[in-house]
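Q: need a structure here:
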Amino acid sequence: MPYAPPVLDPAACSNETEPEVGLARVLVAGGGTGGHLFPALAVAEELSRGGTELRFVGTARGIEARAVPEAGYPLDLLTVRGIKGRGLSGLATGISRLPVAFFESLSILRRFRPDVVLGVGGYASGPVVATAVLLRLPTVVMEQNSVPGITNRILGRFVDRVCVTYPPGRYFPASKVVRTGNPIRSSIVQRIRTAVEESVSRRSVGPTLLVLGGSQGARPINDAMMRAAPELLRRVPGLRIVHQTGRRDEDRVRRGYGDLATAGGRIEIVPFIEDMASAYASADLVLSRAGATTLAELAVAGRPAILVPFPHATDDHQTKNAEAFVAAGGAVLVPQHQLSGQAWLGEIERIAVDPDRRRGMARAMRSLARPDAAREVVRVLGEVARRGRPS
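A: This next block holds a predicted model:
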């Protein structure tokens with residue numbers, strides 16, 4: 001009997017009722033990468049359903065410069081840049097811009113007068129949240145990764161609450177930590193849930209491996225798959241591979257697969273997947289990086305994973321992210337340097353040919369899902385705003 005993934009419990013993902021938050025205005029600061037911004041947009045979506053007025057603060061260099069206006073929210077830009085890992089000249093430039101960024105932050109806060117300020121990580125988060133603390137405004141930061149960035153490590157000592165995805169360890173005062181999970185937009189949660197439910201009745205005979213390197217692709221993963229595909233297709237009867245390459249690497253990967261990409265329909269190459277919900281639903285196993293947003297989505301979808309952490313992520317946080325899913329039994333961790341060998345192929349083969357193991361891993365992944373994380377963050381924001389800053 002073909003493997004059928006477990007159906008998500010509708011009650012566990014329900015976001016049908018509007019949140020009662022009582023917040024008139026919320027300022028959201030930060031971004032830079034999708035890992036910071038997408039959870040912020042999930043919280044913004046939840047707040048908007050309750051009638052809250054939102055405003056974002058970011059930088060012209062970050063993904064927020066495009067994504068926030070596209071989502072329909074106003075955006076203010078700061079004159080600020082990162083200081084970590086940029087050498088002495090970059091450090092000097094970053095520090096020299098901080099006073100301007102603080103004055104810009106002060107102007108935005110006085111003009112918008114938020115009930116609470118939410119920092120989501122990234123360059124703009126630091127000056128805005130720090131200024132809000134000095135003004136004694138209610139403040140919350142979100143930390144999506146297992147190892148927080150330097151901005152959140154500093155801010156976490158002074159804000160009212162820290163919303164985390166993973167156990168905070170030594171990084172934040174325990175009295176300030178609320179473990180909410182990593183927010184995903186409720187519309188995405190619903191699409192994943194619906195797609196997974198519909199997929200149960202139309203499973204293919206052989207397993208499907210979904211290969212993701214993030215929206216920009218991951219060249220080492222792409223290279224490894226091109227080398228490994230012939231052997232994988234030989235070892236796993238009926239295996240189908242859906243490979244998101246990233247737009248920049250699509251042509252090279254197509255050439256690398258050669259005839260395999262056109263023979264028998266067992267390999268599908270796409271530069272970017274717009275409908276990730278359907279992609280997760282069709283997959284029996286996922287090969288991907290270990291970014292916080294990807295892991296949150298995999299947990300909601302209940303998909304077993306082979307995780308290849310990006311080795312140059314700040315403080316190697318992707319490895320730490322992955323370890324939590326490995327410990328729960330939902331994933332296998334493969335360091336990037338091992339992609340040049342054969343052991344990782346054995347991991348894929350053992351999972352792909354064993355429906356019972358996939359079912360067990362799927363249950364483990366779902367045990368880590370927090371589909372109501374955005375609602376939980378909104379609840380924390382409301383509590384902090386109602387109490388005001390503690391004395």
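Q: got the contact list for the closest residue to residue 180 other than its chain neighbours?
A: Leaving aside its sequence neighbours, residue 180 sits nearest to residue 376 (Cβ to Cβ, 6 or more residues apart in numbering; 3.9 Å). For every residue, glycine as well, the C-beta is placed using N, CA and C. With contacts taken as Cβ atoms under 8 Å, 6 or more residues apart in numbering, residue 376 has the following neighbours: 163, 178, 180, 181, 370.
Q: Quick check: the gap between the spatially most central residue of the chain and residue 144.
A: For the chain, the residue lying nearest the average C-alpha position, counting by Cα atoms, centre = their mean, turns out to be residue 293 (1.2 Å). Separation of residue 293 from residue 144 (Cβ to Cβ, to the nearest Å): 7 Å.
Q: Please enumerate the shared neighbours of those two.
A: Common neighbours of residue 293 and residue 144, counting by Cβ under 8 Å, 6+ apart, are 35, 39, 182.
Q: Tell me who's in contact with the nearest residue to residue 67 once chain neighbours are set aside.
A: Of all residues beyond its chain neighbours, the one nearest residue 67 is residue 37 (6.0 Å), with distances taken as Cβ to Cβ, 6+ apart. The contact partners of residue 37, by Cβ under 8 Å, 6+ apart, come to 30, 31, 58, 62, 63, 64, 67, 68, 120, 122.
Q: what do you get if the cut-off is 6 Å, keeping everything else the same?
A: 31, 63, 64, 67 (Cβ atoms under 6 Å, 6 or more residues apart in numbering).
Q: which among those end up buried?
A: The neighbour-count test (16 or more other Cβ atoms under 10 Å) marks 31, 63, 64, 67 as buried among the contacts of residue 37.
Q: farthest pair in those residues?
A: Spatial extent of these (Cβ to Cβ) is set by the pair 31 and 67 at 8.0 Å.
Q: separation between residue 191 and residue 371?
A: Here residue 191 is placed at a distance of 12 Å from residue 371 (Cβ to Cβ).
Q: Just want to know which of those two has more residues nearby.
A: Counting neighbours by other Cβ atoms under 10 Å for residue 191 and for residue 371 shows that residue 371 has the greater number, 25 against 17.
Q: doesn't the more buried one fall inside a helix?
A: No: Residue 371: not assigned to a helix; according to DSSP: H, G, I helix; E, B strand; the rest coil it is coil.
Q: I figured it was touching residue 189, is that so?
A: Yes: here residue 371 reaches residue 189: they are 4.7 Å apart, a contact under Cβ atoms under 6 Å.
Q: Which parts of the stretch 151-300 of the chain are strands?
A: Across the stretch 151-300 of the chain, reading from the start of the chain, the strands by DSSP state E, counting those that start in this stretch fall at 161-164, 177-179, 208-211, 240-244, 267-270, 285-288.
Q: ok so, going back, residues in contact with the residue nearest to the centre of the chain?
A: Applying Cβ under 6 Å, 6+ apart, the residues near residue 293 are 35, 38.
Q: that older thread, helix, strand or coil: sort out the residue nearest to residue 180 for me.
A: Under three-state DSSP, residue 376 comes out as helix.
Q: mind listing which of the buried ones among the contacts of residue 37 are in helices?
A: When DSSP state H is applied, the buried ones among the contacts of residue 37 are split such that 64, 67 fall in helices.
Q: quick one: which of the buried ones among the contacts of residue 37 is nearest to residue 287?
A: Set against residue 287, the nearest of those by Cβ to Cβ is residue 63 (24.1 Å).
Q: any low-confidence regions in this structure?
A: Along the chain, segments meeting pLDDT under 70 span 1-21, 81-97, 201-204, 214-217, 389-391.
Q: the domain parsing of it - what is it?
A: By the record's domain assignment, the chain is partitioned as 10-184+371-387, 187-367 (automatic domain parsing).
Q: Show me just the buried residues among the shared contacts of residue 293 and residue 144.
A: A residue is treated as buried here by neighbour count (16+ other Cβ under 10 Å); on that basis the buried members of the shared contacts of residue 293 and residue 144 are 35, 39, 182.
Q: JSON lines please, covering those and showing distance to residue 239.
A: Output for those, formatted as JSON lines (distance: Cβ to Cβ, whole Å):
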{"residue": "35", "distance to residue 239": "30"}
{"residue": "39", "distance to residue 239": "33"}
{"residue": "182", "distance to residue 239": "30"}
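Q: quick one, strands of the stretch 1-150 of the chain?
A: Using DSSP E, counting those that start in this stretch, the strands assigned to the stretch 1-150 of the chain run over residues 25-29, 53-58, 75-77, 116-119, 139-143.
Q: tell me the angle the longest one makes with strand 25-29.
A: With axes from the mean of the first three to the mean of the last three Cα atoms, to 10 degrees as the criterion, the two stretches strand 53-58 and strand 25-29 enclose an angle of 20 degrees.
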